[in-house]
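Undergrad: Give the three-dimensional model of this entry:
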Amino acid sequence: MLHRGHQSTDGTGGGGLTVPMAWLYAEYIADELLRTGDLMPPTSFEFRAGRDALALTIFLSDTDGELPGIRVVTQLETWLSLTAYDQPWQDWVDARMSQLRAEAARLEGPSPDLELAAAAWRWLEETELLAPDLDAAPGGSPVGEDEGPKVWTPAWQLGLPLGHLAIHLF
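TA: Sure thing, here's the model as predicted:
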C-alpha cells in the first residue's frame with residue numbers, strides 16, 4: 001500500500017519526487033466531508049483537527065492500497081464504525097501506524113504518505129485545543145458555546161467526533 005499510486009514528477013517513475021497520492025487523497029476526502037457538513041470554519045484549528053483525524057481514519061483503513069480508486073460512498077460505514085464514540089480509535093491508529101512503519105522498513109523504506117500521516121498524528125496528539133467541558137454540566141441547562149467551563153483537550157479528541165458527525169451529515 002505504501003507506494004502504490006505514486007508517480008514521479010517527470011513521469012519516469014524512478015529517482016524523481018514521489019508524490020504522496022494516498023495521503024493527499026485521504027486529506028481531500030476528509031476536507032470535502034467536513035466542508036459539506038459545514039460544522040466549523042475551514043480556517044479554524046477545530047476544522048484542522050477534524051480533517052486530520054478523518055484523513056488518518058481514511059488513510060489507515062485502506063488496507064488494500066485502493067484509496068485513490070475507491071468511491072467514497074462505499075467506505076462511509078467503515079469510517080463511521082472506526083470513528084464511533086465507543087471505539088478505541090487512538091489505539092487503532094497507533095497499531096496501524098506501527099504496522100505500516102514495519103511494512104515500509106521491510107519493503108521499500110520511508111513512504112511520503114506515511115510520513116505525512118505520522119506528522120498529522122503527531123499534531124493531533126501533541127496539540128491541545130480549548131473546548132467546552134462537556135462533563136461539567138451533567139443534567140443542567142444547556143449553555144452557549146462561549147459560556148461555561150472549558151478544558152484543554154487533545155486535538156484528536158475534538159477532531160474525531162467532528163469527523164464522525166461530518167460523515168453522518170454527508
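Undergrad: CA atoms for contacts and neighbours, from now on please.
TA: Noted.
Undergrad: what ranges do the strands span in the protein?
TA: 128-132, 150-154 (DSSP state E).
Undergrad: pretty sure Arg48 is in contact with Pro41, am I right?
TA: No. Arg48 is beyond contact range of Pro41, at 9.6 Å (criterion: Cα atoms under 8 Å).
Undergrad: ok, the two, which is more surrounded?
TA: Neighbours were counted for Arg48 and for Pro41 using other Cα atoms under 10 Å; Arg48 has more, 23 against 12.
Undergrad: on that earlier part again, to Gln90, which of the strands of the chain lies closest?
TA: strand 150-154 (11.3 Å; Cα to Cα).
Undergrad: Now do the closest one: everything it contacts.
TA: Leu124, Glu125, Glu126, Thr127, Glu128, Leu129, Leu130, Ala131, Pro132, Asp133 (Cα atoms under 8 Å, 6 or more residues apart in numbering).
Undergrad: Of those residues, grab the buried ones for PyMOL.
TA: Entered in PyMOL, the line below selects the buried ones among the contacts of strand 150-154, by 16 or more other Cα atoms under 10 Å:
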select buried, resi 124+128+129+131+132
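Undergrad: Show me the shaky parts of the chain.
TA: 1-17, 65-70, 134, 136-146 (pLDDT under 70).
Undergrad: for it, which helix is longest?
TA: Criterion DSSP state H: the longest helix present in the chain is helix 89-107.
Undergrad: For it, C-alpha coordinates in PDB please.
TA: The C-alpha trace of helix 89-107 is given here as PDB (Å, rounded to 0.1, in the frame of the first residue of the first chain):
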ATOM      1  CA  TRP A  89      -9.600   4.900  17.800                       C
ATOM      2  CA  GLN A  90      -6.300   6.100  19.300                       C
ATOM      3  CA  ASP A  91      -5.100   2.600  19.900                       C
ATOM      4  CA  TRP A  92      -6.200   1.600  16.400                       C
ATOM      5  CA  VAL A  93      -4.200   4.500  14.900                       C
ATOM      6  CA  ASP A  94      -1.100   3.600  16.900                       C
ATOM      7  CA  ALA A  95      -1.400  -0.100  15.900                       C
ATOM      8  CA  ARG A  96      -1.900   0.700  12.200                       C
ATOM      9  CA  MET A  97       0.900   3.200  12.100                       C
ATOM     10  CA  SER A  98       3.300   0.700  13.700                       C
ATOM     11  CA  GLN A  99       2.200  -1.900  11.200                       C
ATOM     12  CA  LEU A 100       2.700   0.400   8.200                       C
ATOM     13  CA  ARG A 101       6.100   1.500   9.500                       C
ATOM     14  CA  ALA A 102       7.200  -2.100   9.800                       C
ATOM     15  CA  GLU A 103       5.900  -2.800   6.300                       C
ATOM     16  CA  ALA A 104       7.800   0.200   4.900                       C
ATOM     17  CA  ALA A 105      11.000  -0.700   6.700                       C
ATOM     18  CA  ARG A 106      10.800  -4.300   5.400                       C
ATOM     19  CA  LEU A 107       9.700  -3.500   1.800                       C
END
